[in-house]
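**Student:** This is the structure alone, sequence omitted:
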Ligand SMILES: C[S@@+](CC[C@H](N)C(=O)[O-])C[C@H]1O[C@@H](n2cnc3c(N)ncnc32)[C@H](O)[C@@H]1O
């Protein structure tokens, strides 16, 4: 008889029900993982451990907390949970637990920035969680969940709400720091021969600023909506231009777009691609897209579940955005006038999709 293991006990096939219960609770309580991590980030625990440069006991962590009288038993339960989730690791010496960062929590304390913490904060912020409570209505009524929750679509909402705009832009910039590190190391040849580049919907300019440092010979424009560009920091060598990518895009040898086309349905993407086409030289122009590519059958990578989760996220926060398979990317790009494309994996959630204008158009 086949044996399964639930909570460390050997159980027989008739205990399928117990396994079902275990799986049900795991999926139902998944929000606890994310929100408990948010609690640790708000308390600054990854930064406290990182700053000391050595494993810390609970009382050492408590001493560094910016709080008059923290509840040590509550914090010890938070740490126990996050050790189980491999956010921290624990080593017991002479009866006392010492906590260290793991590879996941090291991403929250990257040098010079707060790592991916702003992304965690944004995804768990009440503004960005509210649309999830309208998600089933998206399916039934084909409405935009963000608009249902807040009365306006995402970009209109951020245009009128400085707090949400800042939270969103910081989150995007935090992911860009991590992805650009991988991109610039894996895709050195991709920028060779370019003299100018425009980052379309580039947020606050984090990507172009990293590209400037690695390839100082390229002149760069960061292009985004007025509410984003107006609050973007100055980056040496980067010109910020505000505008609407559906209307016109500044001209350059290459258009770079990270995490843009997944925000839009195919019809809108074709409009954006046609503007990219106009912005590029017809023979030598190049489009560099950094976006998720779904490999539905054979994605064995550690990112597989998160790529599909992002497809749900696009449903919840955008008007028709989605993650696409390789075939869907090729078909979309071809409709937008870029039938020649190469897809290159990156060791990140996203891949590089390099595309070239159709020579006959
Ligand atoms: C998902 S964010 C990606 C930002 C940046 N590329 C990154 O990955 O960090 C999408 C960006 O699209 C911009 N955007 C939305 N509609 C736009 C439009 N019509 N024209 C230009 N930018 C737009 C938003 O302001 C936002 O910065």
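**Tutor:** Noted; the coordinates are in hand. This one's a predicted model, so the numbers in the text were calculated from it and none came from an experiment.
**Student:** how many other residues sit next to residue 163?
**Tutor:** 10 (other CB atoms under 10 Å). Yep, even glycine has a C-beta here, placed from its N, CA and C like the rest.
**Student:** What is the subsequent helix or strand relative to the helix or strand containing it?
**Tutor:** Under the assignment given by DSSP states H and E, the secondary-structure element containing residue 163 is helix 162-186. Towards the C-terminus, the helix or strand next in line after helix 162-186, according to DSSP H and E, is strand 196-200.
**Student:** List the strands paired with that following strand, with their directions.
**Tutor:** strand 219-224 (parallel), strand 254-258 (parallel) (DSSP bridges).
**Student:** Other residues contacting that strand?
**Tutor:** 191, 205, 207-208, 211, 218-223, 241, 245, 249-258, 260, 272, 276, 279 (CB atoms under 8 Å, 6 or more residues apart in numbering).
**Student:** same deal with stretch 334-354?
**Tutor:** Stretch 334-354 is touched from outside by 178-179, 182-183, 186-187, 190, 258-259, 266, 269-270, 272-274, 276-277, 286-293, 303, 306-307, 310, 326, 329-330, 333, 355-358, 361, with contacts defined as CB under 8 Å, 6+ apart.
**Student:** and the ligand, which of these reach it?
**Tutor:** Among the contacts of stretch 334-354, the ones lying close to the ligand by the criterion of CB under 6 Å from any ligand atom are 258, 259.
**Student:** Please list only the buried members of the contacts of stretch 334-354.
**Tutor:** Of the members of the contacts of stretch 334-354, the ones counted as buried by neighbours, 16 or more other CB atoms under 10 Å, are 178-179, 183, 187, 190, 258-259, 269-270, 272-274, 276-277, 286-293, 303, 307, 310, 329-330, 333, 355-357.
**Student:** Next, the contact list for the closest residue to residue 322 other than its chain neighbours, please.
**Tutor:** On the basis of CB to CB, 6 or more residues apart in numbering, the spatially nearest residue to residue 322 that is not a chain neighbour turns out to be residue 314, at 5.4 Å. For residue 314, the set of contacting residues under the criterion of CB under 8 Å, 6+ apart consists of 262, 263, 321, 322, 323.
**Student:** Residue 314 looks like it's in a helix, true?
**Tutor:** Yes: note on residue 314: a helix contains this position according to DSSP: H, G, I helix; E, B strand; the rest coil.
**Student:** Can you give me the separation between it and residue 32?
**Tutor:** With the distance defined as CB to CB, to the nearest Å, residue 314 ends up 24 Å from residue 32.
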